[in-house]
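Visitor: sequence first, then the predicted structure, then my questions.
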Amino acid sequence: GENVEQHPSTLSVQEGDSAVIKCTYSDSASNYFPWYKQELGKRPQLIIDIRSNVGEKKDQRIAVTLNKTAKHFSLHITETQPEDSAVYFCAEGYTGGFKTIFGAGTRLFVKA
Amino acid sequence: DVKVTQSSRYLVKRTGEKVFLECVQDMDHENMFWYRQDPGLGLRLIYFSYDVKMKEKGDIPEGYSVSREKKERFSLILESASTNQTSMYLCASRRTAMNTEAFFGQGTRLTVV
């Protein structure tokens, strides 16, 4: 069935360093890959998404890359700051479909 | 700003009770979802609805049912609460399947004792 594997489950970086979170999916029909950030005690919120017709997308300090052949996509955060500390979820779906499958989440700690 | 509001932030219920979790969105979204969030398991889909009175099972529907009588409201029902249903429950809404960003409620932490 549909499945998204997310690694690592926990990531600790020093402020200013980069952080990378990787996800692998199984459904070759998937064409939409969002990333959500959930700060402690708050609701998940979309931070960036990518569709299968592009290989990379950037928004200031965050970027997402997609390799459709290998069925994996990654979130890159550069120049990390303490406010980047949160749980990050990758997800996969397809436009026109209803289900979005989420990864298990990565807890990112940014040490000041 | 899209608002998705869940009726309770924290709930404590007894085993065997019938439990209602309510979710309301104010942006005329067609699609609504119920997820449960458990450590190490991410967000798992319980049920979703793509229109009024329409519902579909997600990945873990056992022990749950849903109701969508009005477009803005989606209710999750635990017919007979059990301790393994202790969890964080998140409601989400989305305009249509083509508009794929989901907006989440603040969550309801349910404890079944």
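Guide: Structure's in. What do you need? Residues are numbered from 1 along each chain as shown, chains lettered A, B, ... in the order given.
Visitor: quick check: residues of chain B near chain A?
Guide: Residues of chain B found near chain A (CB under 8 Å from any CB of the partner chain) are B:4, B:31, B:35, B:40-45, B:48, B:50, B:56, B:58, B:90, B:97-98, B:100-102, B:104-107. The way it works is simple: take the backbone N, C-alpha and C, and place the C-beta from them, glycine included.
Visitor: restricted to buried residues, select these in PyMOL.
Guide: Applying 16 or more other CB atoms under 10 Å in any protein chain shown to those, the buried members can be selected in PyMOL as follows:
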select buried, chain B and resi 4+31+35+42+43+44+45+48+50+58+90+97+100+102+104+105+107
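Visitor: can you tell me which of the residues of chain B next to chain A are in strands?
Guide: Among the residues of chain B next to chain A, the members found in strands (DSSP state E) are B:V4, B:N31, B:Y35, B:G42, B:L43, B:R44, B:L45, B:F48, B:E56, B:L90, B:F104.
Visitor: in JSON lines: those, plus pLDDT and distance to A:V20.
Guide: Below are these laid out as JSON lines (pLDDT from 0 to 100; distance: CB to CB, whole Å):
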{"residue": "B:V4", "pLDDT": "96", "distance to A:V20": "30"}
{"residue": "B:N31", "pLDDT": "92", "distance to A:V20": "31"}
{"residue": "B:Y35", "pLDDT": "96", "distance to A:V20": "26"}
{"residue": "B:G42", "pLDDT": "90", "distance to A:V20": "19"}
{"residue": "B:L43", "pLDDT": "94", "distance to A:V20": "21"}
{"residue": "B:R44", "pLDDT": "94", "distance to A:V20": "25"}
{"residue": "B:L45", "pLDDT": "93", "distance to A:V20": "27"}
{"residue": "B:F48", "pLDDT": "94", "distance to A:V20": "31"}
{"residue": "B:E56", "pLDDT": "93", "distance to A:V20": "35"}
{"residue": "B:L90", "pLDDT": "97", "distance to A:V20": "26"}
{"residue": "B:F104", "pLDDT": "96", "distance to A:V20": "25"}
